[in-house]
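*Asks:* Give me a model of this one.
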Amino acid sequence: MWVPRLVGRSLSQLKTIHTVQFSSRQISVKIVNESNIEVQPEANAKPLTFPGVWLRDNCMCGDCFHGSSKSRKLDWDNFDTRIRPLSLRTDEQSKEVLVKWSDAHESRFPLSWLQERSFEPDKQQKYLRDFYRPTTRHWSGAQFQEIAQHFSYDEVMSQDSVLMQWLQALAIYGVALLRGAPLDEGVVRRLADRVGFIRRTTYGEEFVVQAKPGAQNFAYLSLPLPLHTDLPYYEYKPSVNILHCVVQTDSPGGSNMLVDGFHVADLLRRDHPEDFDRLSRVVVDWNDIGSEDGREFHNIWRAPVICLDAEGRYTRINHSVPQRDSHFNVPLAEVLPWYESYARFVRLAIADSHAFKTRPGDVLTFNNIRLLHGRTGYDDSEQSPRYIVGAYLDWDIIYSRLRVLKKRSTATASCQ
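*Replies:* Got it, this is the predicted structure:
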């Protein structure tokens, strides 16, 4: 007789437990300070607060949002920044929050969409770090072998997962090496097309780095090429260099030199703050004058050696002795101190550079916004030539491709 009663109690307990679990998944919402909305995704979860004006601005109904282009079409000519939520309710089945506004409009917001856009500082930092742009990691020349990742050219071209790993490494460390590329001139274009599209400059789309008689560019000599960044005279400087080694000289020279310009700036900021301030403040004229394929050019851009954003983070390094203009539009008293600070920057960069020699089939890729690069001199002859094919990509294109790959990878993982 006691067994059925025990079973009965167990079923009752199970029902109670089920009810508690269901209620713990319920969304609760409330209006805070008349204009904000607090959303609690489930019981015991930390509430998330969203500004009402931001929510109204991001309404995703057909009147406010164009779905296929993922674009806001809200009428901002008549937008009320003092908008207030009047009432709230939730749809447990669709996991949405519904809001009626003081302008008589109604909006629906999926819980997952709100959670992805949380105003919690740690969530915002995670989005900026993991999705917007990976956080850069600065390195010294002695750490080059640790941070320089190698990838198979064939795998980058055929596997999205490896393509994503290459672009991620390039974004974080500013350099990555691809191995095993075919020895033809089409490699750099195929690689650029795999990411997005190639960046055209004064020197065309693809360019060949080899000793040339009557060279119009210092790189087209067999002399030592000092550390520099390419094309500092462009307002929108090409972002990433792709250098494909087709033929490598047998002479002792021809080695690539690389140094992390952000690391050099770190050293200045820490040990020589006055030099850092001067190189990040004094505007320098960079120029390039010449002709290519019958077209004359005279490029000028004015910017400091170390460029910072509003939060003091590095956005760009400019350095090229050959491309520094003779026009120097600064007060007389600034000239000598600037030269002394610049000389210190160059000495630190040289001391911290790492030299290595690429082999035929290697594709060296590096961040031209951040890294300084150069080349040791070499003997150029028919018996010992050096033939490098180059091209550029822009970070806008790279980051776009990286985000698409990350979203695709996350979607695939969630379906498994």
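*Asks:* tell me the phi and psi of Glu162?
*Replies:* Just to correct that, residue 162 is Val rather than Glu. phi -80, psi -40 (degrees, to the nearest 10).
*Asks:* Once you drop chain neighbours, what's closest to it?
*Replies:* Computed as C-beta to C-beta, 6 or more residues apart in numbering, the closest residue to Val162 that is not its neighbour in sequence is Glu155, at 4.2 Å. For the C-beta atoms, the positions are set from N, CA and C on the backbone; glycine is no exception.
*Asks:* any idea how far that neighbour lies from Asn367?
*Replies:* As judged by C-beta to C-beta, to the nearest Å, Glu155 and Asn367 stand 22 Å apart.
*Asks:* More neighbours: those two, which one.
*Replies:* Legend: neighbour count by other C-beta atoms under 10 Å for Glu155 and Asn367, higher for Asn367 (25 against 16).
*Asks:* nearest residue to the more buried one other than its sequence neighbours?
*Replies:* Excluding its sequence neighbours, the residue lying closest to Asn367 (C-beta to C-beta, 6+ apart) is Gly174, at 3.7 Å.
*Asks:* what about that neighbour, distance to Ser320?
*Replies:* For Gly174, the distance to Ser320 equals 17 Å [C-beta to C-beta].
*Asks:* quick one, which of the two is more surrounded?
*Replies:* Set Gly174 next to Ser320 and count neighbours by other C-beta under 10 Å: Gly174 wins out with 26 against 19.
*Asks:* which residue ranges form the strands in the stretch 251-400 of the chain?
*Replies:* 256-260, 284-292, 295-303, 306-308, 314-317, 354-356, 363-367, 371-375, 387-393 (DSSP state E, counting those that start in this stretch).
*Asks:* Pull the CA coordinates from the third one and hand them back as PDB.
*Replies:* Written as PDB, here are the backbone C-alpha positions of strand 295-303 (Å, rounded to 0.1, in the frame of the first residue of the first chain):
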ATOM      1  CA  ARG A 295      52.000  58.400 -65.800                       C
ATOM      2  CA  GLU A 296      53.500  61.200 -63.700                       C
ATOM      3  CA  PHE A 297      52.700  61.500 -60.000                       C
ATOM      4  CA  HIS A 298      53.400  63.700 -57.000                       C
ATOM      5  CA  ASN A 299      51.900  62.200 -53.800                       C
ATOM      6  CA  ILE A 300      52.000  64.100 -50.500                       C
ATOM      7  CA  TRP A 301      50.500  63.200 -47.100                       C
ATOM      8  CA  ARG A 302      51.200  65.000 -43.800                       C
ATOM      9  CA  ALA A 303      51.100  62.900 -40.600                       C
END
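*Asks:* outside of that strand, which residues touch it?
*Replies:* Contacts with strand 295-303, where a contact means C-beta atoms under 8 Å, 6 or more residues apart in numbering, come from 202, 231-235, 237, 283-291, 316, 318, 325, 329.
*Asks:* before we move on, the earlier item: the strands of the stretch 251-400 of the chain: which one's closest to Leu170?
*Replies:* Nearest of the strands of the stretch 251-400 of the chain to Leu170, taken as C-beta to C-beta: strand 363-367 at 5.9 Å.
*Asks:* ok and the closest one relative to strand 371-375, angle-wise?
*Replies:* In terms of direction (axes from the mean of the first three to the mean of the last three C-alpha atoms, to 10 degrees), strand 363-367 departs from strand 371-375 by 140 degrees.
*Asks:* Which elements pack onto strand 363-367?
*Replies:* Counting by 3 or more C-beta pairs under 8 Å, 6 or more residues apart in numbering; DSSP states H and E, the packing neighbours recorded for strand 363-367 are helix 160-173, strand 175-179, helix 187-195, strand 240-247.
*Asks:* Test my guess that Pro85 contacts Asp103.
*Replies:* No: Pro85 is not in contact with Asp103 according to C-beta atoms under 8 Å; the separation is 10.7 Å.
*Asks:* Have a look at the two and say which one is more surrounded.
*Replies:* Neighbour tally, Pro85 and Asp103, criterion other C-beta under 10 Å: the higher count belongs to Pro85, 22 against 12.
*Asks:* Kindly state the beta-bridge partners for the more buried one.
*Replies:* With DSSP bridges as the criterion, Pro85 is bridged to Trp101.
*Asks:* Could you tell me how far it is located from Ser326?
*Replies:* Here the criterion is C-beta to C-beta. By it, Pro85 lies 62 Å from Ser326.
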